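[1] Please work out how this folds:
(chains A and B)
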Amino acid sequence: MDLSGIFGALLEIVGSPYHLFLLLIAVPIGMFFGAIPGLGGKLGIVLAIPFVFGMDATAGALFLIAMHAVVHTGGSVPSILFGVPGTGPDAATIVDGLPMTRKGEAGRALGAAFGASGFGGVIGGLFILAVLPLLRPVVLAFSPAEFFLLAIFGITFIAMLSGDSLVKGLMVGCLGLMMAFVTLDPQTGAQRYTFDLLFLWDGIDIITTVLGMFAIPEMIALGVAGGSMSQVDKEGARYGMAGVLQGLGDVFRHWWLSMRTSVIGAFIGMIPGLGGDAASWICYGHAVQSSKTPERFGKGAVEGVIAPETANNSKEGGSLLPTLFFAVPGSSGMAILLGAFVMLGVQPGPGLALNDMDIVWILIWGLMLANIVAVIMFVLAAPTLGYLSYVRGNLLIPFVLTLTFLGAYLSHRAWENMVLLVILGTLGYFLKKYGWPRPPFVIGLILGTIAEDSFHKAMALWGPGFLLRPGALIMLGLIVFSIGFYVWRTIKAKDGPGDQHAG
Amino acid sequence: MDRGINMQVNAVLNGRVATAFVMMLIFVTMSLMALGFPDKARLMPLMVGIPGSVLGLIQLINEIRHSAYETTDDAAEFSKAERSMFVWIFLYFFGILGFGFIYAAPILVFAFLFIGRKESLPVSLISAVATWAVLFGFFENGFEIPLFTGLLVQSIIA
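    Take a look at the predicted model:
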């Protein structure tokens, strides 16, 4: 391992005031784009490209990667405070972040989100740094068979996210899958459920779905209940610095969970085509599955904020690997970064590993440093942000509704998305009202396309025998283990009170 | 006798039952529609849709059974406050769809606060102006992101 190259790159960043300055201005810009629904990191990078044009490759790439690295840190703010995700992958943070706000723990939730994001970003970067030489062949070994089963593995987490009713959870997950089929069939090109509407040919937009399933129902519920997002008096709430520090401390109190979800996130990010959106949901599911008290999730468990936030930021480190070495972007944001890198004179591809590893180390360090800077900046701002949860609902609702409609429109610049938003918002409200879990819908939608595409490819290549490939068998084992573990734990939980009663 | 009839009516009209029924209906409809697709295109929709329909039926039966034994269910009622919120959501939708963000959103913000929530005139006005400033100043001019201008406005201009 080229240690002098690795640490030389770090010195090149921290030893240069110019590079540090770029880092310091890129971080708040990235977080800002992440925090405003409808803007998102991709637009941020697109808008920043003219500014980095003419910079040397190192400075330009550092600026862009720093911006990109913290987009999801910013996206956690509206997710936690208002139930409106800044970006698609931030939706998983809503599930427990919003209930924490309602319990008067907005400061703690924000502290945990910022801490977890920073932790995930750093661990993800370190993980990639450490295992880069070993993981390249592993990533290349992923075939459609493993992709399909990896998607199914993700969907099995639906069971873990289903709360009290497994049937409801499975149904909502299946509905998400069905919605993923609303597009042109990837095999035949035939229209499926598109009703000759052009905007549905590309499928149902994830951002619109998340806004419909979460933001609209939350605003209706807030309007019905009255008051503010927080249902606890200011006096009894923890939105100040003490709450924020408690949230930060939670990340380290749950260090093993933070570590695991960071590594899982980085690994998922490394697999091109799986999509970074899945990382936060899979890690959320892992947190529920591995918890001794899964019943707390969805009601304001801090681990439910930590897991998706660590994954959101660590996956960016992971997705650098396929983006830089195979020129195959690991996420949609990375696809735009890829173009920007080419413009800056960085030529992604296998040649980069042979000729220009310096820029790779700089990007990995830049990613980690940006995450650290983001934590410092936004922990200081968190108490003020937490106070927003006490703004009266009456004042909040019209602005959030405007942003929600704006987000849905801007995600694909299609007014038809607003129609979808209202339909999904109505459905989401009744699902919320009658106790149907909503997260499985999003997971199903995200993984449905990947599952179908990989299934057809695997069948074409190997027939049904694809399930007997070594990698597929490992994935099948994981699926069976995860379902078995869930069933065992459910039975144990049901037996528990009975035993106590008997005792 | 009356109680039995009431229980049956309650079971049918209950929101929980209606939600379960709608969910099942979506699966059944989508599965039936899938039968009209080419072989390869309908494989996955049917692989998911058929089990979804079966689960839907199970859940519907569960909800009907559950509801039949419930005497009161406040959560199942569709309250006046809910109706009001849905009216506002649809006003937002049709307003923005017809007149676009720049014109409709500030007016809707003002209307929601001043008419819907009886906020004071200064608060409502400031909120409307702030909305306009963000949309027009920040998005359209600052970032040069063209916002939706509204179908009615587009047809008038055309």
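[2] what about A:Pro85, neighbour count?
    The tally of other residues near A:Pro85 (other Cβ atoms under 10 Å in any protein chain shown) stands at 29. The way it works is simple: take the backbone N, C-alpha and C, and place the C-beta from them, glycine included.
[3] Surely it forms part of a strand?
    No. Assignment of A:Pro85 by DSSP: H, G, I helix; E, B strand; the rest coil gives coil, placing it outside any strand.
[4] Give me the buried positions along the helix or strand containing B:Val87.
    Using DSSP states H and E, B:Val87 sits in helix B:80-111. Of the residues in helix B:80-111, B:82, B:85-86, B:88-89, B:91-93, B:95-97, B:99-106, B:108-111 count as buried by neighbour count, 16 or more other Cβ atoms under 10 Å in any protein chain shown.
[5] near chain A too, which of the residues you listed?
    Contacts with chain A are made by B:82, B:85-86, B:88-89, B:92-93, B:96-97, B:101, B:105, B:108-109 out of those, judged by Cβ under 8 Å from any Cβ of the partner chain.
[6] Between which two of those is the distance greatest?
    The distance between the two most remote of these (Cβ to Cβ) is 26.0 Å, for B:Glu82 and B:Phe101.
[7] ok, so what distance separates the closest residue in space to A:Asp90 that isn't next to it in sequence from chain B?
    Leaving out its chain neighbours, the residue that sits closest to A:Asp90 by Cβ to Cβ, 6 or more residues apart in numbering or on different chains is A:Gly75, at 3.7 Å. The gap separating A:Gly75 from chain B is 17 Å, by Cβ to the nearest Cβ, to the nearest Å.
[8] If I follow the layout properly, A:Gly75 ends up in contact with A:Ala35?
    Yes. At 6.3 Å, A:Gly75 counts as touching A:Ala35 under the criterion of Cβ atoms under 8 Å.
[9] neighbour-wise, which of those two wins?
    A:Gly75 (32 against 23).
[10] Give the next helix or strand downstream of the host helix or strand of that one.
    In the assignment (DSSP H and E), A:Gly75 maps to helix A:71-82. Per DSSP H and E, helix A:71-82 leads on to helix A:91-102 as the next helix or strand towards the C-terminus.
[11] how far does that next one sit from the chain's center?
    Counting by Cα atoms, centre = their mean, to the nearest Å, helix A:91-102 is centred 14 Å from the centre of its parent chain.
[12] Same question for stretch A:393-405.
    24 Å.
[13] ditto for stretch A:302-316
    That offset, for stretch A:302-316, works out to 7 Å (Cα atoms, centre = their mean).
[14] Chain B: helices as residue ranges?
    With DSSP state H applied, chain B shows helices at B:2-13, B:15-34, B:39-68, B:80-111, B:121-132, B:151-157, listed in chain order.
[15] Up against chain B, what does the stretch 151-300 of chain A have?
    A:165, A:167-168, A:170-172, A:174-175, A:177-178, A:181, A:185, A:187-188, A:190, A:192-193, A:216, A:219-220, A:223-224.
[16] these two touch, right, A:Leu200 and A:Arg192?
    No. At 9.2 Å, A:Leu200 does not count as touching A:Arg192 under the criterion of Cβ under 8 Å.
[17] And these two? Which one has more around it.
    Counted by other Cβ under 10 Å, A:Leu200 and A:Arg192 do not tie: A:Arg192 has more neighbours, with 24 against 20.
[18] Test my guess that A:Leu410 contacts B:Pro146.
    No. Contact criterion Cβ under 8 Å: A:Leu410 and B:Pro146 do not qualify, at 10.0 Å.
[19] So which of these two has more stuff around it?
    A:Leu410 (23 against 8).
[20] And that one, how close does it get to A:Met241?
    A:Leu410 sits at a distance of 34 Å from A:Met241 (criterion: Cβ to Cβ, to the nearest Å).
[21] Against chain B, how distant is A:Thr93?
    24 Å.
[22] Now do the strands in the stretch 401-503 of chain A.
    With strands called from DSSP state E, counting those that start in this stretch, the stretch 401-503 of chain A shows none.
[23] Could I get the phi/psi values of A:Gly15?
    phi -90, psi 0 (degrees, to the nearest 10).
[24] Around it, how many other residues sit close by?
    Neighbours around A:Gly15, by other Cβ under 10 Å: 10.
[25] domains in chain B, as residue ranges please.
    Domain assignment for chain B by automatic domain parsing gives B:2-72, B:80-157.
[26] Just put these in a markdown table and tack on mean pLDDT.
    Formatted as a markdown table, those follow (pLDDT from 0 to 100):
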| stretch | mean pLDDT |
| --- | --- |
| domain B:2-72 | 83 |
| domain B:80-157 | 91 |
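[27] Relative to A:Phe399, which of these is closest?
    Taking the domains of chain B one by one with Cβ to Cβ, domain B:80-157 is closest: 6.8 Å.
[28] Could you find the closest non-adjacent residue to B:Val48?
    Among residues not flanking B:Val48 along the chain, A:Leu177 sits closest, at 4.7 Å (Cβ to Cβ, 6+ apart).
[29] Roughly how far does the one you found sit from A:Phe455?
    12 Å.
[30] The two: who's more crowded?
    Neighbour tally, A:Leu177 and A:Phe455, criterion other Cβ under 10 Å: the higher count belongs to A:Leu177, 29 against 21.
[31] I'd say the more buried one and A:Gly444 touch.
    Yes. Here A:Leu177 lies in contact with A:Gly444, judged by Cβ under 8 Å, at a distance of 4.1 Å.
[32] where does the residue nearest to the spatial centre of chain A land on pLDDT?
    Nearest to the geometric centre of chain A sits A:Pro89, at 3.0 Å (Cα atoms, centre = their mean). pLDDT, A:Pro89: 75.
[33] likewise A:Arg253?
    Predicted confidence (pLDDT) for A:Arg253: 93.
[34] Likewise for A:Pro464?
    The model's pLDDT for A:Pro464 equals 88.
[35] The one 5 residues further on now?
    At A:Arg469 the predicted local confidence, pLDDT, stands at 89.
[36] Tell me which residues touch it, please.
    By Cβ atoms under 8 Å, 6 or more residues apart in numbering or on different chains, the contact set of A:Arg469 is A:143, A:145-146, A:462.
[37] excluding its backbone neighbours, what's nearest A:Ser411?
    In space, and not counting its chain neighbours, A:Ser411 is closest to A:Ile207: 3.9 Å by Cβ to Cβ, 6+ apart.
[38] what helices or strands is the helix or strand containing A:Val122 leaning on?
    According to DSSP H and E, A:Val122 maps onto helix A:106-140. Contacts defined by 3 or more Cβ pairs under 8 Å, 6 or more residues apart in numbering or on different chains; DSSP states H and E place helix A:106-140 against helix A:71-82, helix A:91-102, helix A:241-253, helix A:255-270, helix A:303-325, helix A:357-387.
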